[in-house]
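Trainee: Make a model of this:
(chains A, B, C and D)
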Number of protein chains: 4
Amino acid sequence: MARGFRQKIRQKNTENSGFGSNASGRFINRDGLPNVKRKGVNVFNRLSWYHTMLNLSTFRFLSYLIIAYVLVNLLFALIYYVIGVEHLTGIDKSDPLNEFIDVFFFSSQTFTTVGYGRIAPVGFMASLVATFEAFLGLLTFAIATGLFYGRFSRPRAYLRFSDIAVVAPFQDSTALMFRLAPYKNNALTDADVILSTAIEVVEDGVAKNNFYRLDTHLSKINTLALNWTVVHKIDENSPFYGFSEEDFKNTNIEIIVQVRAFDEVFSNTVVQRSSYVSEEIVYGAKFTLMYYPDNSDLTTILDLDKINDYQKADLPVMAGDPE
Amino acid sequence: MARGFRQKIRQKNTENSGFGSNASGRFINRDGLPNVKRKGVNVFNRLSWYHTMLNLSTFRFLSYLIIAYVLVNLLFALIYYVIGVEHLTGIDKSDPLNEFIDVFFFSSQTFTTVGYGRIAPVGFMASLVATFEAFLGLLTFAIATGLFYGRFSRPRAYLRFSDIAVVAPFQDSTALMFRLAPYKNNALTDADVILSTAIEVVEDGVAKNNFYRLDTHLSKINTLALNWTVVHKIDENSPFYGFSEEDFKNTNIEIIVQVRAFDEVFSNTVVQRSSYVSEEIVYGAKFTLMYYPDNSDLTTILDLDKINDYQKADLPVMAGDPE
Amino acid sequence: MARGFRQKIRQKNTENSGFGSNASGRFINRDGLPNVKRKGVNVFNRLSWYHTMLNLSTFRFLSYLIIAYVLVNLLFALIYYVIGVEHLTGIDKSDPLNEFIDVFFFSSQTFTTVGYGRIAPVGFMASLVATFEAFLGLLTFAIATGLFYGRFSRPRAYLRFSDIAVVAPFQDSTALMFRLAPYKNNALTDADVILSTAIEVVEDGVAKNNFYRLDTHLSKINTLALNWTVVHKIDENSPFYGFSEEDFKNTNIEIIVQVRAFDEVFSNTVVQRSSYVSEEIVYGAKFTLMYYPDNSDLTTILDLDKINDYQKADLPVMAGDPE
Amino acid sequence: MARGFRQKIRQKNTENSGFGSNASGRFINRDGLPNVKRKGVNVFNRLSWYHTMLNLSTFRFLSYLIIAYVLVNLLFALIYYVIGVEHLTGIDKSDPLNEFIDVFFFSSQTFTTVGYGRIAPVGFMASLVATFEAFLGLLTFAIATGLFYGRFSRPRAYLRFSDIAVVAPFQDSTALMFRLAPYKNNALTDADVILSTAIEVVEDGVAKNNFYRLDTHLSKINTLALNWTVVHKIDENSPFYGFSEEDFKNTNIEIIVQVRAFDEVFSNTVVQRSSYVSEEIVYGAKFTLMYYPDNSDLTTILDLDKINDYQKADLPVMAGDPE
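Mentor: Reported below is the predicted structural model:
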């Protein structure tokens, strides 16, 4: 394994990544979240149920709502049934199952406050429980309102990253590049990118992660309307200076990306992260254009399906190359 | 076509506009959104329905709500009708149309949870569907609540830009100016402006956009209460240095404006963009005052209808003028 | 009138206040809003109804809601009455007034979706209008929900400013001081203050406002828990250098204050402005302490009623004093 | 009592803490709020009821809602009872208690808009009050919706601080250290810490607090995924330079901590504060690791129960040590 490059790395920003130098596995998952599990405390203190509800898929979120709705009504139906169906008017008393079905529907008509009145409470206990259930129903829908709003108003960047990064020719030298593009009808401005990398080195037989900040050729962009190709020039200040294709393959590398931008609809700063590991870096390639004028020549088309398109490219021989 | 100026342009900030140097048409539409179309992925992934709902006009937004309400009730009416009107009490069974009308109104009374009870479910299936419909109704109004709030609490700058920019005399030289004013009863502070320009140049017979940052005479303002005339002095650092009236006319120029300010009611930063193309630049003109003391001399009147008012003005002969 | 000071003023930051040098009256009203009226466009475009609703007093806001509720019900009552009371069950048809009263209550029971069903629609037209009214009712309460939330979640600094500023002795020289304190149970951190002043000068017989930024002795504070005395030292860099008591009295001065802080409950930056004009500046005075340890000596008491308390104080004779 | 250190302290940032130099007791309580009481004005002006509702525990918040619900219904029940039960249909008139119970339940069915209609208003006054109660009910639930959303969408850092700070060996010298970790499933990035200290000194027999900014070895961190050990190196720039174990014990010290980070779910900056007083500083100790690879070696486990674990550690003899 080629480790000759190690002496060349000029350390910068070591340690402030927030990840331990002896942490395991990928640092940032492809969805942008850190690859860390927590234990201790207890699970209820460890979970923010609001964060959990906001991160659920729409399908699961709606499913949970419906299941909760059915369970609450079953519970209240049981309570009304125990209190006695004689405390309710309009119940079909032909057999116990029909009685239970009717109290279940009475419960749902109370919980949703639809209150047709075909079935209505007359006794004290049934009325009291119904009073409480209607109140609970409204509070529940108050909470649901907040969750729906929280879910769809949650500011998100809606950026699509290329699946791969490339090492491409750049200004008589080489550069590590990847690209990203906004894929929704949002309007992002004042975007900037922070790039860092973790490189695993073996010292005295022990694997250890070193962290480096990576300079970017242009780290800010005014309007994120087309795609943005982020360029890290591999010069003397880069920890990858002198890396051969084999070095990229044989070393555990992780490029950690954080993009910030201002969304004009949310009027809020949005952040999205991604990462590239060694297997996701293509050596000697360059991206091909993913936008072009439309036929009228009055607007520009951005083709999101082309975000991963690249072609082979010869790299210049670098002076500092140790191979 | 006068292209002599090209050699004089001192490049600054090239490329970080986020627009391609070979993109087509105007970059920023007059409504402030980038002139880019996206394709690829699929249309559902490409649209943020929340952004879409927030950007609809009030009329269209309300129309969509009403249409959705009618469609949902027609759908549920059909379901109840298929289940059978005998599962509902109080239905007018004089003829099928009256039956359908009554189940339609039963549906709306359930969906809105008004639940008069004149028509009420008795059978299992009708009760079950009604249970679900009332639940769906409440969730729908929960979502509508969020959309209404999202729409009217969306921070916006409410700035009106002058329709034209002028090239006016300024401090023994000339300057490009335009002006803007807040037109609503909001209170903006700490405003700043970022000005850049795209200039189309022809190199080797190929049209290409170059991007330049434009300096502004005062790029920050404490309180945006009156109008703000933004001034870009055309000196040696300006890409327009030496431009004649004909240069402005014959060159494809786009001035891209981004204003940021802090809104004290939203307690949020708001951003508004606009742009001026060659046809919207008036050479040799200056804006006339658009505010004046009121009769009592105790307050100042800002007349928004005068924002485009200008008068002809002679420009000084500039040393660097190539004509 | 003493105008000898004018030559001494070292101009800084002229023009970026956002107010015109020939604007009239006070710039910032004591409530922090700019003293500007707008005309032109039309009144609906010029008003943000959301900003208006958020700025209403609680009493007026609730009154408007109740009035709107009554008016809407009167309107729908009229519609039902015109359609005919025979399309509703349960109406007291003893006389036209009773009929109208009953349709009014039917309307309110529909609008709020309470829907007792004692009065219920049977005819097509009445049912259709009720369908629409229940829908409108829910949308209205959706909007009301948003307005309530917008009103009480609106980030505000809740700062109380002293009614007066003082010119006090400070470090062998003098300083202009005023103080402010948070008066609610909010927690403000990272506060900073921006101080500027408008001074009216007469040039060639024409009154004109000059604007200056004022340095503050400490412009940032970590935790805004006690009162904060903002200090502008009157040294050679101050436009007030050499001002006598008469100069402060006879010159039209306005001190414009803007305080920003981070509120930990809203997790938002909040801004509050105020201003002091000549009549609100007390020459030769210093503020007295407004906090003290409580009896247990374990906490500190901040007495908000003492915010304006000051005592007379002799000022040192300044070298640069022109009197 | 060892006070020899006092002469060595190099003052920085004195006074901008926002706390008075003669304030009493701890400055920041362990929950992060300042230890200050306010008086004056009146209690209603001094309380932000929204801040109060947001800071209540969930249990108390729900209890207050239920109590308010019962009280409102009792009040309306009383009103209906005074108006007369003959204005309501369906009342059980067997005895006055049953009458009151029935009007109470009618009130709750109106307030929640469930409106079964078994009991319904017929008279003018009862109808009018019910019209108003249903309206009030909906507004109340509108407010409750806002409060629920305000409570659970309130951005919070969810950081757990170690209960103790340690003085540990660090780079051939010593450092004051404490650590913190995110304990919920939130994702924090771009964290920074501001550290300051209050040291009580006795001058001329009067106790007085001096405030100092403390430098931190790394004051920013990219991703707050694992624990973060904040390190203040005790070198010549530290006010603790030369402090012995006894100095730490015998002096009233308070370390004030403020952590800011960006939460990606809320897309908002969150702030959390804490403080350490003399009794909470352990001299000659170092923290033990609180994270380790999981068995699969593919992820990292952060054990929150170990946040306070430390072991004894010998400190180097410092040159400037006065003991």
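Trainee: count of residues packed around residue A:293?
Mentor: 15 (other CB atoms under 10 Å in any protein chain shown). Glycine gets a C-beta too; all of them are placed from N, C-alpha and C.
Trainee: What's the local residue count around residue A:42?
Mentor: As a burial measure, residue A:42 scores 10 neighbours (other CB under 10 Å).
Trainee: To clarify, my last question referred to residue A:27.
Mentor: Around residue A:27 there are 24 other residues, counting by other CB under 10 Å.
Trainee: Against residue D:231, how distant is it?
Mentor: With distances taken as CB to CB, to the nearest Å, residue A:27 is found 22 Å from residue D:231.
Trainee: for residue A:138, same thing?
Mentor: Residue A:138 is 51 Å from residue D:231, by CB to CB.
Trainee: So between these two, which is more surrounded?
Mentor: residue A:138 (25 against 20).
Trainee: how close does that one sit to residue D:145?
Mentor: 9 Å.
Trainee: And for residue A:47?
Mentor: According to CB to CB, residue A:47 stands 23 Å off from residue D:145.
Trainee: mind listing the strands for the stretch 151-300 of chain A?
Mentor: Counting by DSSP state E, counting those that start in this stretch, one finds strands in the stretch 151-300 of chain A at the ranges A:159-161, A:165-170, A:173-182, A:188-203, A:206-214, A:220-224, A:228-233, A:253-263, A:268-277, A:281-283, A:285-287, A:291-293, A:300-303.
Trainee: what are the pairing partners of the fifth one, and which direction each?
Mentor: Read it as strand A:206-214. Taking DSSP bridges as the criterion, strand A:206-214 sits next to strand A:188-203 (antiparallel) in its sheet.
Trainee: buried ones in the partner strand?
Mentor: For strand A:188-203, the neighbour count (16 or more other CB atoms under 10 Å in any protein chain shown) marks A:188, A:189, A:190, A:191, A:193, A:194, A:195, A:196, A:197, A:198, A:199, A:201 as buried.
Trainee: Report the rounded mean pLDDT for that strand.
Mentor: For strand A:188-203, mean pLDDT is 87.
Trainee: go on, stretch A:234-250?
Mentor: Mean predicted confidence for stretch A:234-250 is 90.
Trainee: Looks like residue A:175 contacts residue A:216 (just checking).
Mentor: No: applying CB atoms under 8 Å as the test, residue A:175 and residue A:216 come out as separate, 9.5 Å apart.
Trainee: So which of those two has more stuff around it?
Mentor: Remark: of residue A:175 and residue A:216, residue A:175 carries more neighbours, 23 against 19, as counted by other CB under 10 Å.
Trainee: What lies in contact with stretch A:83-101?
Mentor: Stretch A:83-101 has contacts (CB atoms under 8 Å, 6 or more residues apart in numbering or on different chains) with A:77, A:80-81, A:102-103, A:106, A:118-127, A:129, B:122, B:124, B:127, D:118.
Trainee: Please flag which of those residues sit within helices.
Mentor: Per DSSP state H, helices hold the following members of the contacts of stretch A:83-101: A:77, A:80-81, A:102-103, A:106, A:124-127, A:129, B:124, B:127.
Trainee: of all those, which comes closest to chain D?
Mentor: Ranked by distance to chain D (CB to the nearest CB), the ones in helices among the contacts of stretch A:83-101 are led by residue A:127 at 4.3 Å.
Trainee: Based on its surroundings, how many neighbours for the closest one?
Mentor: Residue A:127 has 25 nearby residues by other CB under 10 Å.
Trainee: ok, now which ones touch it?
Mentor: Residues counted as contacts of residue A:127 (CB under 8 Å, 6+ apart) are A:87, A:121, D:101, D:105.
Trainee: tell me which of those residues is nearest to chain C?
Mentor: Nearest to chain C among the contacts of residue A:127, counting by CB to the nearest CB, is residue D:105 at 13.0 Å.
Trainee: and the closest residue to that closest one other than its chain neighbours, what pLDDT?
Mentor: Distances taken as CB to CB, 6 or more residues apart in numbering or on different chains place residue A:127 nearest to residue D:105, at 4.3 Å, with adjacent residues excluded. At residue A:127, the pLDDT value in this model is 95.
Trainee: Equivalent analysis for residue A:22, please.
Mentor: Per-residue confidence (pLDDT) for residue A:22: 58.
Trainee: Tell me the spacing between the closest residue to residue A:263 other than its chain neighbours and chain C.
Mentor: Leaving out its chain neighbours, the residue that sits closest to residue A:263 by CB to CB, 6+ apart is residue A:270, at 5.0 Å. Relative to chain C, residue A:270 is positioned 16 Å away (CB to the nearest CB, to the nearest Å).
Trainee: Run through the bridge partners of residue A:270.
Mentor: residue A:261.
Trainee: That one: what's it in contact with?
Mentor: When contacts are counted by CB under 8 Å, 6+ apart, residue A:270 touches A:155, A:156, A:157, A:188, A:260, A:261, A:262, A:263, D:267.
Trainee: Show me which residues of chain A are close to chain C?
Mentor: By CB under 8 Å from any CB of the partner chain, the residues of chain A that approach chain C are A:113, A:115, A:116, A:117, A:145.
Trainee: Assign a three-state SS to the third one, would you?
Mentor: What it means is residue A:116. Of the three states, residue A:116 takes coil under DSSP: H, G, I helix; E, B strand; the rest coil.
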